[in-house]
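K.L.:
give me the fold of what follows.
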Amino acid sequence: MKIWHQSFTVLEDLGPYREALEKHFARVARPDTEIVLHGMHAGTYRTNYPGTDIRHTALQHFHSTQFMLGAIQAERSGYDVYAISTLPEPGLREIRALVDIPVVGYGESAMLTSCMLGARFGVLVFIDALADLVAKNAEGHGLASRFAGAMPVGFTFNDVLAAFSDPAPLIERFRASARKLIERGAEVIIPGEAPMNVLLAMNGVNEVDGVPVLDSLASWIKQAEAMADLRKHCGISPCRKGYFNELPPADRVNEILAFYGLDRLLPAC
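P.N.:
Got it, this is the predicted structure:
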């Protein structure tokens, strides 16, 4: 099985994070699963941190184009699953109506898994503006009644990068924020952004005061593997009826990519 991992970061700018992802994926995925890491194009952001763009809905919409192009390339290159590895899940609905391979979202898979572990889940984020988007996505996934809320975790992306060499202080700050979310009724804690998730997972943080801390990346991998298995062994595929599900003609997709000059941005496979 071959999974296209799509990050919202420029992975070439984030060596320690990329290395942590590769090690974590190798530990969690099945031996026959290959996860190929892909990030955004070099120069997409002003710095190595996408958060200043992600917090604006219009800029995130522009950037979602790269996710759609990645999905097209993944299908053309024979990947079994296209997996969005970022909490905002840019273009998730549109991508599912664009390609005919399973498409897995990081936030959605975490929320669905959380519903099997506790009655209500909460999300901790270091991009505080994402709290509104997380609530909207939970509603869109049909899980508003299971959502205990999203809160800022109290540290930043750069704090997470620094903590790969000294994690203990940041982990304690995470635990303190998780306790506040537990007081709001959360029975499962989702570490929102993937860099925070992989740092916690590699340091064995899987609960706070008896409340599970979900490894969202592991859930994302296992759901990707399951969707590929259902497709291969059972013939299960997405609904293709209605406005939000019907696939457009492939030749028209190619024409539109050429018209907008987007074909030159198709990523390497």
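K.L.:
quickly run through the sheet partners of the host helix or strand of residue 3, with directions.
P.N.:
With elements delineated by DSSP states H and E, residue 3 resides in strand 2-6, which encompasses its position. Listed by DSSP bridges, the sheet partners of strand 2-6 and their directions read strand 34-38 (parallel), strand 81-84 (parallel).
K.L.:
contacts made by the longest one with the rest, please.
P.N.:
When you say that, I think you mean strand 34-38. Where contact means C-beta atoms under 8 Å, 6 or more residues apart in numbering, the residues beyond strand 34-38 that reach it are 1-7, 11, 18, 21-22, 25, 29, 70, 79, 83, 221, 267. To be clear about C-beta, it is placed using only N, CA and C from the backbone, and glycine gets the same treatment.
K.L.:
in TSV: the strands paired with strand 2-6, plus mean neighbour count, mean pLDDT and distance to residue 165.
P.N.:
Rendered in TSV, the data for those read as follows (neighbours: other C-beta atoms under 10 Å; pLDDT from 0 to 100; distance: least, C-beta to C-beta, whole Å):
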stretch	mean neighbour count	mean pLDDT	distance to residue 165
strand 34-38	17	98	21
strand 81-84	26	98	28
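K.L.:
max-length helix in the protein?
P.N.:
The residue-count maximum for a helix in the chain (DSSP state H) belongs to helix 57-76.
K.L.:
buried sites along it?
P.N.:
Applying a neighbour-count criterion of 16 or more other C-beta atoms under 10 Å, the buried positions in helix 57-76 are 60, 63-64, 66-75.
K.L.:
report the contact partners of residue 177.
P.N.:
Taking C-beta under 8 Å, 6+ apart as the test, what residue 177 contacts is 124, 151-154.
K.L.:
can you flag the buried ones in the residues you listed?
P.N.:
The neighbour-count test (16+ other C-beta under 10 Å) applied to the contacts of residue 177 identifies 124, 151-153 as buried.
K.L.:
can you put the contacts of residue 177 in TSV and add pLDDT?
P.N.:
Shown next, in TSV, are these (pLDDT from 0 to 100):
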residue	pLDDT
124	97
151	95
152	94
153	95
154	93
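K.L.:
which one of those residues is nearest residue 185?
P.N.:
Among those, residue 151 lies closest to residue 185 (C-beta to C-beta), at 12.2 Å.
K.L.:
residues near residue 231, how many?
P.N.:
Under the neighbour criterion other C-beta atoms under 10 Å, residue 231 is assigned a count of 17.
K.L.:
try residue 18
P.N.:
For residue 18, the neighbour count with other C-beta under 10 Å is 16.
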